[in-house]
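# Next comes the sequence, and after it the predicted model I'd like to discuss.
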Amino acid sequence: MSDIARRFPENPLLMPKDLKASTTDLQVISLLNPGVFVFEQKTWLLVRVAESITQKEGVIFFPVINALGKVEIIEIPLNDPDLIATDPRVINYKGLDYLTTLSHLRLLCSDDGIHFYEPEDSSILMGSGILEQFGIEDCRVSKIENTFYLTYTAVSENGVGVGLRTTKDWKNFESKGMILPPHNKDCAIFEEKINGKFYALHRPSSPQLGGNFIWLAESPDGIHWGNHKCIIKTRIGLWDSARVGAGAAPIKTDQGWLEIYHGANAEHQYCLGAFLMDPEDPSIVIARTVAPIMMPKENYELSGFFGYVVFTNGHVVEGDKLTIYYGAADEFVCGAHFSISEILRALQPLDNKNDTLAFPKLK
């Protein structure tokens, strides 16, 4: 079984031209990977908005946030021997990595889950401080009791870590700082405590020894995390052979905690899969999909700022219906429906011999 997503016929739901830039100096390059939540009977997206400056021939520009919290434009000649600019997302200059875009988070809402607009009084969440100098990205939203927990990727010259802000009303936000230091991202907090503890999935990276694997952590307060355990690894020869990372908060089902995750191969092609954790001890993974449940196949997923990508960190659960909002080709925001029971049927027990079977590469 492969690609059981029922995509919205209205896709893409949002494109870069649909939003205004945060300042007149910048332009919106792409919209990516929204966090999702329901508030005041509306569906809300916390969209990552990536901006940059119009490029000129012979020079590369990229924005950063300076020590005063203002956007500063860095300019480097393309013929500079210390410049490596082969990736549209990241450049390397004098041994240091810089993002080609600067991201912030923007709130949009919808009455029908399809047509989204930006309320006039909604907040724009910008990077703040030295640890968010290169912006904030890919927010996941978890509601626990009456508090929303916003975990996001904080990017700076010091590395990539996980930042946390909380809110109760989406007007006032409290920053909890960096809760997981570099290099870490893809942090999704469970929306229910288990045996009195907070739990979260996260993705540290260890390229020298280990890899880009999904880990589990626990916390007494949602801020201080420990007892880390590696629970999901990449699989040689499969669609998730190069890296894996958590999507949104795990979904509580009768069979356990269901997590939709992303995986990528060596060609940087991103698909979605699923795994199931024990309801009382989520460090025990019961089952996992062998084939992806969604893979890039539509034009808006194959071609964009960075093609062959479907990537989610936000969804809405209504009974058996799972509505996933996802980033396509690192440029567009799209939607798709799934059946939770159908995803559960696609899972394979981890001791099943089929778990190691190779899945054909994307074409």
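Noted; the coordinates are in hand.
# Go through stretch 260-274 and flag the buried ones.
Neighbour counts using 16 or more other CB atoms under 10 Å place 260-265, 269-274 of stretch 260-274 among the buried residues. C-beta: built from backbone N, CA, C; applies to glycine.
# just stretch 164-175 next, same as before
For stretch 164-175, burial by neighbour count (16+ other CB under 10 Å) applies to 164-167, 170.
# Turn those residues into CSV, columns for distance to residue 200 and pLDDT.
Compiled in CSV, the buried residues of stretch 164-175 are given as follows (distance: CB to CB, whole Å; pLDDT from 0 to 100):
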residue, distance to residue 200, pLDDT
164, 10, 98
165, 15, 98
166, 14, 98
167, 18, 97
170, 21, 95
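# if we can go back for a sec, which among the buried residues of stretch 260-274 gets closest to residue 191?
Taking CB to CB as the measure, residue 191 sits nearest to residue 260 out of the buried residues of stretch 260-274, at 14.0 Å.
# Could you check which helix or strand contains that closest one?
Using DSSP states H and E, the element containing residue 260 is strand 256-264.
# quick check: mean pLDDT across that strand?
Averaging pLDDT along strand 256-264 gives 98.
# just checking, next helix/strand downstream of it?
strand 270-277.
# helices and strands around that next one, which ones?
In terms of contacts (3 or more CB pairs under 8 Å, 6 or more residues apart in numbering; DSSP states H and E), strand 270-277 is packed against strand 256-264, strand 285-289, strand 310-318, helix 340-346, strand 347-349.
# So which of those is the most surrounded?
Mean neighbour count (mean count of other CB atoms under 10 Å) peaks for strand 256-264 among the helices and strands packed on strand 270-277, with a mean of 24.
# got the angle for that strand vs strand 310-318?
160 degrees (axes from the mean of the first three to the mean of the last three CA atoms, to 10 degrees).
# coming back round to it: would you format the helices and strands packed on strand 270-277 as JSON lines with distance to residue 197 included?
Output for these, formatted as JSON lines (distance: least, CB to CB, whole Å):
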{"stretch": "strand 256-264", "distance to residue 197": "14"}
{"stretch": "strand 285-289", "distance to residue 197": "18"}
{"stretch": "strand 310-318", "distance to residue 197": "22"}
{"stretch": "helix 340-346", "distance to residue 197": "25"}
{"stretch": "strand 347-349", "distance to residue 197": "25"}
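# Of those, which is nearest residue 238?
Nearest to residue 238, of all those, is strand 256-264, at 7.7 Å by CB to CB.
# List the pairing partners of the closest one within its sheet, with orientation.
Strand 256-264 pairs in its sheet with strand 243-246 (antiparallel), strand 251-253 (antiparallel), strand 270-277 (antiparallel), by DSSP bridges.
# Now do the longest one against strand 285-289, angle only.
Going back to what we said before, that points to strand 270-277. Angle of strand 270-277 versus strand 285-289, following the same axes, to 10 degrees, is 150 degrees.
# Could you count how many residues lie near residue 31?
29 (other CB atoms under 10 Å).
# next SSE after the host helix or strand of it?
Here residue 31 sits within strand 27-39, counting by DSSP H and E. Heading C-terminal from strand 27-39, the first helix or strand you meet, by DSSP H and E, is strand 42-52.
# quick one: average pLDDT of that next one?
Rounded mean pLDDT across strand 42-52 is 95.
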